[in-house]
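[1] got a structure for you, letters missing:
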């Protein structure tokens with residue numbers, strides 16, 4: 001608004017709210033429940049009842065079902081950002097909260113998740129009227145403001161960063177691949193094209209960024225060699241020292257600010273302990289760091305004079321000039337491979353300029369070999385595209401519906417305990433108890 005009319009909005013008439021809300025803050029869902037008397041649940045109770053990964057959709061479904069059908073007419077307009085992360089029932093809630101003529105704007109990123117690249121249609125999001133017609137329809141009429149807009153260029157990520165993230169997310173140089181688009185036209189919509197002909201099932205293809213989708217300023221200021229760096233280390237301590245050493249160098253030699261950096265940990269379950277280890281390495285060289293939601297407020301990701309360290313889900317929706325994806329070996333295993341490769345994709349696409357992908361062991365060596373292959377191919381995706389049947393099998397395998405997310409989460413918790421046992425990082429009484437359970441092993 002300031003750029004258009006050189007004036008600020010009336011901030012007393014604007015609300016910026018969390019989608020959920022909680023005991024310490026108002027949110028859209030919480031406000032709907034309070035205004036209608038509908039059932040309200042915090043994350044803890046909702047996750048127990050509806051499941052960890054479907055807690056919010058279950059809570060919104062329950063609120064809609066238990067609320068009166070009258071409209072609230074609370075707001076003149078509602079803008080929803082990061083819409084791809086919200087359940088369809090949330091959109092039915094905001095429809096009830098906005099006044100006629102239902103001015104609702106929702107913005108979303110097709111590529112936040114490689115598994116699901118299509119937001120549900122307006123009919124699916126907002127539902128049907130009593131006569132069976134869609135409550136919301138989008139139309140692009142001649143000489144009228146466009147209602148359904150696709151932004152043709154990616155201004156956030158350098159093209160080679162995006163291609164690397166895409167190739168790693170799909171595992172195009174992995175055997176077997178982790179996943180692939182089953183709908184070929186999606187490639188064009190997302191700004192890709194076939195270099196040697198159309199992208200087709202069962203064909204050898206080379207896929208590149210459509211030049212028209214790439215802003216020219218990336219090539220003017222950056223190069224692939226400096227932008228994407230992958231490194232494998234013998235152990236985590238060596239990795240963290242190298243990461244912190246590079247941050248210190250960039251701060252001193254390249255005149256970057258602390259808030260230009262984002263260190264991303266791919267595993268939520270080890271993020272506190274591994275984040276603490278990185279903090280200690282930062283402090284050892286005289287640098288400050290913080291873990292949002294642990295050592296600082298959960299609402300502040302970037303802080304002046306401090307390096308941000310966070311897990312993938314808090315990083316999602318944010319971006320930084322320099323991103324370090326550490327412990328990237330986490331993203332290579334046979335367990336929940338699609339979920340883990342989606343994590344790698346999301347982390348890499350947080351970077352606006354320079355990306356460092358680091359890890360340890362065989363898993364990181366596999367990741368690095370895939371990144372090197374993409375670089376060797378000139379930052380194109382050179383692969384034998386699966387047949388339609390093979391692509392469907394990939395989509396169905398490692399399926400993240402049903403109980404697999406809970407199994408994945410439980411496994412990560414168990415694996416972290418085993419790491420602590422192996423490193424003798426648990427209290428002696430617990431170690432003694434574990435020894436007695438395992439027969440003194």
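    Sure, I can see it. Just so it is clear, the model here is predicted, and its values are computed rather than measured.
[2] which other residues reach stretch 135-154?
    Residues from elsewhere that reach stretch 135-154 (C-beta atoms under 8 Å, 6 or more residues apart in numbering): 95, 102, 104, 122-123, 125-129, 162, 189, 191, 212-215. All C-beta spots, glycine's among them, are computed from the backbone N, C-alpha and C.
[3] Relative to residue 189, how far out is residue 150?
    Separation of residue 150 from residue 189 (C-beta to C-beta, to the nearest Å): 7 Å.
[4] These two: which is more packed in?
    Higher neighbour count among residue 150 and residue 189: residue 189, with 13 against 9, using other C-beta atoms under 10 Å.
[5] Tell me which stretches of the stretch 201-350 of the chain form strands.
    Listed in chain order, the strands of the stretch 201-350 of the chain (DSSP state E, counting those that start in this stretch) span 204-209, 228-233, 261-265, 289-290, 307-311, 320-325.
[6] winner for burial among those?
    Of all these, strand 261-265 carries the top mean neighbour count, a mean of 26, counting by mean count of other C-beta atoms under 10 Å.
[7] That one: partners in the sheet, and parallel or antiparallel?
    strand 307-311 (parallel), strand 320-325 (parallel) (DSSP bridges).
[8] Check the model's average confidence along it for me.
    Across strand 261-265, pLDDT averages out at 98.
[9] what does it contact?
    Under C-beta under 8 Å, 6+ apart, the answer for strand 261-265 is 243, 247, 250, 271, 274-275, 278, 289, 301-302, 307-312, 315, 318-327, 347, 350.
[10] ok so, going back, just the buried ones out of the contacts of stretch 135-154, please.
    95, 104, 122, 125-127, 162, 191, 213-214 (16 or more other C-beta atoms under 10 Å).
[11] Filter those down to the ones in helices?
    95, 122, 125-126, 162 (DSSP state H).
[12] Now for the residues you listed: which two are most distant?
    Across these, no pair lies farther apart than 95 and 162, at 33.7 Å, counting by C-beta to C-beta.
[13] so where's this protein shaky on pLDDT?
    Confidence mapping of the chain against pLDDT under 70 gives the ranges 1-4, 110-118, 398-441.
[14] Would you map out the domains in it?
    2-126, 159-396, 404-437 (automatic domain parsing).
[15] which one of the ones you listed is the most hemmed in?
    domain 159-396 (a mean of 18).
[16] Can you give me the end-to-end span of that domain?
    29 Å (C-alpha to C-alpha, to the nearest Å).
[17] do stretch 89-106 as well
    14 Å.
[18] Stretch 28-47 now?
    End-to-end distance for stretch 28-47: 18 Å, by C-alpha to C-alpha.
[19] How far off centre is it?
    Here stretch 28-47 is found 25 Å from its chain centre; the criterion is C-alpha atoms, centre = their mean, to the nearest Å.
[20] cool, and stretch 315-322?
    For stretch 315-322, the distance to the chain centre is 10 Å (C-alpha atoms, centre = their mean).
[21] what sits up against it?
    81-82, 85, 112, 156, 247, 250, 256, 259-262, 264, 301-302, 308, 346-347, 350-356.
[22] try 7 Å this time
    82, 112, 156, 250, 256, 260-262, 264, 301, 346-347, 350-354 (C-beta atoms under 7 Å, 6 or more residues apart in numbering).
[23] all strands for the stretch 1-150 of the chain, in order.
    Taking DSSP E, counting those that start in this stretch, the strands of the stretch 1-150 of the chain run over residues 75-80, 98-106.
[24] elements contacting the last one?
    With contacts defined as 3 or more C-beta pairs under 7 Å, 6 or more residues apart in numbering; DSSP states H and E, the secondary structure elements packing on strand 98-106 are strand 75-80.
[25] The strand it packs on pairs with which strands, and in what direction?
    Strand 75-80 has its sheet partners listed here by DSSP bridges as strand 98-106 (parallel).
[26] what's in contact with stretch 324-333?
    For stretch 324-333, contacts defined as C-beta under 7 Å, 6+ apart pick out 239, 243, 263-267, 274, 340-341, 343-344, 347-348, 356-361, 363-364, 366-367.
[27] mind checking how far residue 241 is from residue 380?
    In terms of C-beta to C-beta, residue 241 sits 34 Å off from residue 380.
[28] Switch the domains of the chain over to CSV; also include distance to residue 140.
    Listed next are the domains of the chain as CSV, based on distance: least, C-beta to C-beta, whole Å:
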stretch, distance to residue 140
domain 2-126, 13
domain 159-396, 15
domain 404-437, 37
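[29] First-to-last residue distance for stretch 81-92?
    End-to-end for stretch 81-92, by C-alpha to C-alpha: 16 Å.
[30] Figure out how far it is from the centre of its chain.
    15 Å.
[31] same question, stretch 370-382
    23 Å.
[32] how long is it end to end?
    End-to-end distance (C-alpha to C-alpha), stretch 370-382: 11 Å.
[33] just stretch 211-218 next, same as before
    Taking C-alpha to C-alpha, the first and last residues of stretch 211-218 lie 12 Å apart.
[34] Residues in contact with that stretch: which ones?
    With contacts defined as C-beta under 7 Å, 6+ apart, stretch 211-218 is touched by 152-155, 158-159, 191.
[35] How about stretch 34-44?
    Contacts of stretch 34-44 (C-beta under 7 Å, 6+ apart): 22-23, 30, 32-33, 55, 59, 62-63, 66-68, 72.
[36] Nearest to residue 178, out of those residues: which one, please.
    Distances from residue 178 to those, taken by C-beta to C-beta, are shortest for residue 55, at 25.9 Å.
[37] Tell me which stretches of the stretch 301-441 of the chain form helices.
    312-315, 337-348, 361-376, 388-396, 404-422, 428-437 (DSSP state H, counting those that start in this stretch).
[38] And the stretch 101-250 of the chain, by the same measure?
    122-126, 159-170, 185-189, 217-221, 224-227, 236-253.
[39] can I get these in JSON lines with distance to residue 37?
    Below are those laid out as JSON lines (distance: least, C-beta to C-beta, whole Å):
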{"stretch": "helix 122-126", "distance to residue 37": "22"}
{"stretch": "helix 159-170", "distance to residue 37": "44"}
{"stretch": "helix 185-189", "distance to residue 37": "42"}
{"stretch": "helix 217-221", "distance to residue 37": "52"}
{"stretch": "helix 224-227", "distance to residue 37": "53"}
{"stretch": "helix 236-253", "distance to residue 37": "51"}
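[40] if I pick the residue nearest to residue 168 when sequence neighbours are not counted, what's in contact with it?
    Distance criterion C-beta to C-beta, 6 or more residues apart in numbering; nearest residue to residue 168, sequence neighbours excluded, is residue 344 at 5.2 Å. For residue 344, the contact set (C-beta under 7 Å, 6+ apart) comprises 168-169, 325, 328, 331.
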